[in-house]
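Undergrad: Quick one, fold the following:
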Amino acid sequence: MPEVVQGTERRPLIAGRTLFDYADEVSTAVPASCQRTGRCRECVVEIKGGVDALSPRTAPEAYLPEGFRLACQARITEAATVAETDVEFGILRRRMRILGPSEDTHTDIEPMVTVRDGIVHYGDMPVDRVKKMVLGLAVDIGTTTVVFQLIDLQTGKVVAGSAMENPQRFGGSDVMARISFERDRPGELRDALRRQLNHELRDIYARLGIDRSEVYEAVIVANTTMRDMFFGLDVTPIGESPYRSSTEHAFREGRAQTTTISMLAHQVGLLVGPRARVIGAPLISGHVGADISADLVALDFGSKPGYSLLVDIGTNTEVVLTDGTRYIAASCPAGPAFEGGLIRFGMPGADGAIEKVRIPGGPGSVIEYDTIGDEPPAGLCGSGLVDILAELRRSGWMDGQGRLRPGEDLVMVAPEKGITFSRSDASQLAQAKAANACGQRILLRRMGITADQVDHVYLAGGFANAINVENAIAIGLLADVRPERVIRAGNAALRGAEALLLSRSRREHLESIVRRIEHIELETDPDFFDMFVDGCQLHPIAA
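TA: Coordinates of the predicted model:
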């Protein structure tokens, strides 16, 4: 009998039921705030199989591309119950693993928002009488995930935080696809993110008894595309050579003094105080965006003697290298593979994701793994994908070109849940890895050093805290640096946003730093193609 499949759960296919009904049955949370009428457009799901078994699209779904539906609108048809095709769907807005409250100690608390004589001021402008709290919001918008924290602007303490999958996935898994979608359907992606972010904020306000008017400023950090889209700017220039934000064009042409964006909350539809200012942190250049600027702040990058390398791994990986005086940076179009995209059983770092993999024997031996939250396995997240590549190579199960043993197209990772890893998955990861390898290799060469000369290596990004450094080096995801010099920076972008919320001087210092950074366009290097081809091999990055 055909079934409806959600993750590793299976249920009999019954005519007339919606996909939302099935999600309820397996206790999968699908966001919605319109009583399932389709008006809120929050319950987007990805159809992975059996699309013909579903009812025709309704008017509220017109904006969605093929392969995506609203769970409350997609019903099982009568004809589907006698067919042999299963219906498989995935939730776009899973809650993600979030690191605990920041343990950073802020000694330079000098925010734009201050309290004087019982009056809240923004700079020198009075804006409100003090209520219970004086809060700020720090938000890191990634292509795959969104993380935020509410900060007490008087003490610097984290009040609350949350993490979620970016609900814009229906617009594509990388920034170029989303730029194209935005051009065709302006505002849809921005509105999807705004609705979900406000939904999360509303829940926190209700749970903690916070009045939204107590949030007086927000700092947004994100890659160039995500930042500009959030603020409603035209992102078309970012997708066309020379791949620059309209704010960068204005700055370079002398029409603006900075690439920083400043708007009022009502202009961006953010659920904070009505007079709150929303700040988009400055860009570096091109696709090296405000999230990397925030990394630099959080890490006090370049302050230590010697060479420092920052690698922020994500859908678009960014690399920055400095000797304390010269700063060079590059963007590597890695794609979403290491964040779970394009991988058959790939997923972000949510509960149930396989995050560590071990193969204790040789080819064909049982694969051991650990999952996030010790939940039943649901898929493979980035750190697990790094491990499985390295372990397959080490065990001799896979060669340097990503080929499995003769006659094998896939390996069984979690047989009890049908989770596999294939030659095709390895190919996707190899190409993503190659982009990272090129970026690091070219910057090291431009600085005139080799990897073992780097004194401090900061590894940032969604799975930085869980990644096995030795395995990342072994497959060429990370340059062949000395492992003991690697510092797991975690979500440095969010910590940087927090620091910018709390310090005017940090904002001023960041503005001066970003203007000094030399941006390298990788494809202009004469050896780029050869490096990319070599980078697809599963071995350490050459000097």
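
Undergrad: Could you break the protein into its assigned domains?
TA: Per automatic domain parsing, the domain ranges recorded for the chain read 3-91, 113-291.

Undergrad: Same list, the ones you listed, but as CSV with mean neighbour count and mean pLDDT please.
TA: Every C-beta, even on glycine, is put in place using the N, C-alpha and C of the backbone. Below are these laid out as CSV (neighbours: other CB atoms under 10 Å; pLDDT from 0 to 100):
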stretch, mean neighbour count, mean pLDDT
domain 3-91, 17, 84
domain 113-291, 20, 95
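
Undergrad: Compare those domains and give me the one nearest Pro406.
TA: domain 3-91 (29.6 Å; CB to CB).

Undergrad: what about that closest one, start to end distance?
TA: 17 Å (CA to CA, to the nearest Å).

Undergrad: what's the distance between Phe181 and Gln168?
TA: 8 Å (CB to CB, to the nearest Å).

Undergrad: who touches both of these two?
TA: Leu189 (CB atoms under 8 Å, 6 or more residues apart in numbering).

Undergrad: quick one: Asp455 and Gln6, what's the gap?
TA: Distance from Asp455 to Gln6, by CB to CB: 48 Å.

Undergrad: Glu375 too?
TA: 15 Å.

Undergrad: quick one: low-confidence parts of the stretch 301-450 of the chain?
TA: Within the stretch 301-450 of the chain, no stretch has pLDDT under 70.

Undergrad: Let me see the ranges of the strands in it.
TA: Using DSSP state E, counting those that start in this stretch, the strands of the stretch 301-450 of the chain run over 308-313, 317-322, 327-332, 353-358, 368-371, 379-380, 410-414, 419-422.

Undergrad: Looking at those, spot the one closest to Ser505.
TA: strand 327-332 (19.4 Å).

Undergrad: and that closest one, which strands flank it?
TA: Paired with strand 327-332 in the same sheet, following DSSP bridges, are strand 317-322 (antiparallel), strand 517-520 (parallel).

Undergrad: so Ile119 touches Met125, yeah?
TA: No: counting by CB atoms under 8 Å, Ile119 sits too far from Met125 to count as a contact (10.2 Å).

Undergrad: returning to what we had before: can you list the domains of the chain in CSV and add distance to Thr524?
TA: Shown next, in CSV, are these (distance: least, CB to CB, whole Å):
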stretch, distance to Thr524
domain 3-91, 33
domain 113-291, 11
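
Undergrad: and Val319, which of those domains is closest to it?
TA: Of the domains of the chain, nearest to Val319 by CB to CB is domain 113-291, at 8.8 Å.

Undergrad: For that closest one, what is the distance to the chain centroid?
TA: 15 Å (CA atoms, centre = their mean, to the nearest Å).

Undergrad: repeat for stretch 407-427
TA: How far stretch 407-427 lies from its chain's middle: 25 Å, per CA atoms, centre = their mean.

Undergrad: just so I have it, where are all the strands in the stretch 1-150 of the chain?
TA: Counting by DSSP E, counting those that start in this stretch, the strands of the stretch 1-150 of the chain are 3-6, 9-12, 44-49, 68-70, 87-91, 113-116, 119-122, 125-129, 135-141, 145-152.

Undergrad: At which residues are the helices of the stretch 401-543 of the chain located?
TA: Along the stretch 401-543 of the chain, the segments classed as helices by DSSP state H, counting those that start in this stretch run 423-447, 469-474, 492-502, 504-514, 528-535.

Undergrad: shouldn't His121 be in contact with Val113?
TA: Yes: with contacts counted by CB under 8 Å, His121 reaches Val113, the gap being 7.1 Å.

Undergrad: Tell me how far Pro336 lies from Asp374.
TA: Taking CB to CB, one finds Pro336 at 26 Å from Asp374.

Undergrad: between the two, which one's more packed in?
TA: Shown here are Pro336 and Asp374; by other CB atoms under 10 Å, Pro336 has more neighbours (24 against 8).

Undergrad: got the contact list for that one?
TA: Taking CB under 8 Å, 6+ apart as the test, what Pro336 contacts is Thr143, Thr144, Ser173, Asp174, Thr315, Leu342, Ala432.

Undergrad: before we move on, what about Phe89?
TA: Here Phe89 is in contact with Val4, Val5, Gln6, Leu19, Tyr22, Val45, Glu46, Ile47, Lys48, Arg69, Ala71, Ala74 (CB under 8 Å, 6+ apart).

Undergrad: partners of it in the sheet?
TA: Gln6, Ile47.

Undergrad: and stretch 35-43, how far apart are its ends?
TA: For stretch 35-43, the end-to-end distance is 11 Å (CA to CA).

Undergrad: want to throw the strands of the stretch 1-150 of the chain into a markdown table with distance to Arg506?
TA: Shown next, in a markdown table, are the strands of the stretch 1-150 of the chain (distance: least, CB to CB, whole Å):
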| stretch | distance to Arg506 |
| --- | --- |
| strand 3-6 | 44 |
| strand 9-12 | 46 |
| strand 44-49 | 37 |
| strand 68-70 | 40 |
| strand 87-91 | 37 |
| strand 113-116 | 14 |
| strand 119-122 | 17 |
| strand 125-129 | 21 |
| strand 135-141 | 12 |
| strand 145-152 | 13 |
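
Undergrad: nearest to Ala499, of these?
TA: Of those, nearest to Ala499 by CB to CB is strand 135-141, at 8.7 Å.

Undergrad: packing partners for the closest one?
TA: strand 145-152, helix 188-208, strand 215-222, helix 224-230, helix 492-502 (3 or more CB pairs under 8 Å, 6 or more residues apart in numbering; DSSP states H and E).

Undergrad: Please name every helix or strand in contact with the third one.
TA: Helices and strands touching strand 215-222, by 3+ CB pairs under 8 Å, 6+ apart, are strand 119-122, strand 135-141, helix 224-230, strand 277-280, helix 290-299, helix 492-502.

Undergrad: Tabulate the ones you listed (TSV), appending distance to Asp203.
TA: As requested, these are arranged in TSV below (distance: least, CB to CB, whole Å):
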stretch	distance to Asp203
strand 119-122	25
strand 135-141	14
helix 224-230	20
strand 277-280	20
helix 290-299	25
helix 492-502	19
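
Undergrad: What are the contacting residues of stretch 474-484?
TA: With contacts defined as CB under 8 Å, 6+ apart, stretch 474-484 is touched by 309, 311, 313, 338, 386, 389-390, 393-394, 433, 436-437, 440-441, 444, 451-452, 454, 457, 459, 469-470, 472-473, 486, 535, 537-541, 543.

Undergrad: so what's Ala432 up against?
TA: Per CB under 8 Å, 6+ apart, neighbours of Ala432: Ala334, Gly335, Pro336, Ala337, Phe338.

Undergrad: what does Gln149 give?
TA: Pro101, Ser102, Leu137, Ala138, Val158, Val159, Ala160, Gly161, Leu494, Glu498.

Undergrad: Now with 7 Å, please.
TA: Ala138, Val158, Gly161, Leu494, Glu498 (CB atoms under 7 Å, 6 or more residues apart in numbering).

Undergrad: so the first one sits right up against Ala497, yeah?
TA: Put plainly, it is Ala138. Yes: contact criterion CB atoms under 7 Å: Ala138 and Ala497 qualify, at 3.8 Å.

Undergrad: list the residues that contact both of the two?
TA: Val219.

Undergrad: Tell me which of the helices of the stretch 401-543 of the chain sits nearest to Leu264.
TA: helix 492-502 (16.6 Å).

Undergrad: gap between the closest one and the chain center?
TA: On the basis of CA atoms, centre = their mean, helix 492-502 sits 16 Å off its chain's mean C-alpha point.

Undergrad: now stretch 357-374
TA: The answer for stretch 357-374 is 26 Å, by CA atoms, centre = their mean.

Undergrad: now the end-to-end length of it.
TA: By CA to CA, one end of stretch 357-374 lies 14 Å from the other end.

Undergrad: residues of that stretch that come out buried?
TA: Val357, Ile359, Ile367, Tyr369, Asp370, Thr371, Ile372 (16 or more other CB atoms under 10 Å).

Undergrad: Kindly report the same for stretch 467-481.
TA: Quick answer for stretch 467-481 (16+ other CB under 10 Å): 467-469, 471-481.
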